[in-house]
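> fold the following, please.
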Amino acid sequence: HELTGNWFWWCRNTCTPEEFKQLWRFTVNYLKHKKNLHNLIYLYNTDVVADEADYLERYPGDDVVDMLTLDMYQKDNRPRKEQIEAGRRQLSILCDIAEKRNKPAALAEAGYEGIPDAKWWTHTFFPVIDGFPLSYALFWRNAGYVESMKKMHYYVPYPGQISAANFKKLYKNRRLLFEKKARKINLYQ
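Take a look at the predicted model:
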């Protein structure tokens, strides 16, 4: 999870690429062979990366990775065009690698905290993902008021939130498949 960051004990600031690969392989081996768990999907997940080499620096191998993902958050108020270009660059890197390795690609986490842009869903998020073969996009949590942060902490609108109507517009996009539609077509059967 976000292994290219510097905020978890497994991130790039705490171990070498080789140590990370050894840890990954140890973990997969332990879960499969010691705990007899064969129903897990192993996702290789990064935060923002510069290029393919940066994404793959700690990649442990195709034999121990099932899916390639990244986390992509809007963290500032740069102009919409810049946000879209930056997001599409990240997805281009991800999807190119996934295609070469015959792995599915996804946005493991995404969002814009507080969603202060009333049209963010259809004018920023959708233009970023449009045309990319993503298996899914998962938005981070709605935690409500977080005392330690002294603010509301959410990534999907609630009724009355400034972007709620635009989220409903995104939901109606025929090119996207939300949970209810997936269930209706028996996607998981």
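
> so which elements touch the helix-or-strand element of the chain with minimal mean pLDDT?
The weakest-scoring helix or strand in the chain, judged by mean pLDDT, DSSP states H and E, is strand 144-146 (a mean of 75). The contact analysis (3 or more C-beta pairs under 8 Å, 6 or more residues apart in numbering; DSSP states H and E) places strand 144-146 against strand 151-153. Where you see a C-beta, it was placed from the backbone N, CA and C, and this is true even at glycine.

> outside of stretch 109-120, which residues touch it?
Residues outside stretch 109-120 that contact it (C-beta atoms under 8 Å, 6 or more residues apart in numbering): 71-74, 77, 80, 121, 123-125, 137-140, 151-157, 161-163, 165-166.

> just the CA trace of that stretch, in CSV.
Extracted C-alpha coordinates of stretch 109-120, given in CSV (Å, rounded to 0.1, in the frame of the first residue of the first chain):
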residue,chain,number,x,y,z
GLU,A,109,-7.7,4.6,-3.6
ALA,A,110,-8.8,7.9,-5.1
GLY,A,111,-10.5,11.1,-4.2
TYR,A,112,-10.4,14.7,-3.2
GLU,A,113,-10.9,15.4,0.5
GLY,A,114,-13.9,17.5,1.1
ILE,A,115,-14.6,17.7,-2.6
PRO,A,116,-14.8,21.5,-2.7
ASP,A,117,-15.3,21.5,-6.5
ALA,A,118,-19.0,21.2,-7.4
LYS,A,119,-18.2,19.6,-10.8
TRP,A,120,-15.2,17.6,-9.8
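
> what's the pLDDT at the residue of the chain positioned farthest from its centre?
Farthest-out residue of the chain from its mean C-alpha position, per C-alpha atoms, centre = their mean: Lys34, at 29.4 Å. With respect to pLDDT, Lys34 has a value of 97.

> now do Met149
The model reports Met149 with a pLDDT of 69.

> give me the buried positions along whichever helix in the chain runs longest.
The longest helix of the chain (DSSP state H) is helix 80-101. Across helix 80-101, burial judged by 16 or more other C-beta atoms under 10 Å covers 83-84, 87-88, 90-91, 93-95, 97-98.

> tell me which stretches of this structure form helices.
17-29, 52-56, 80-101, 120, 126-129, 164-171, 179-184.
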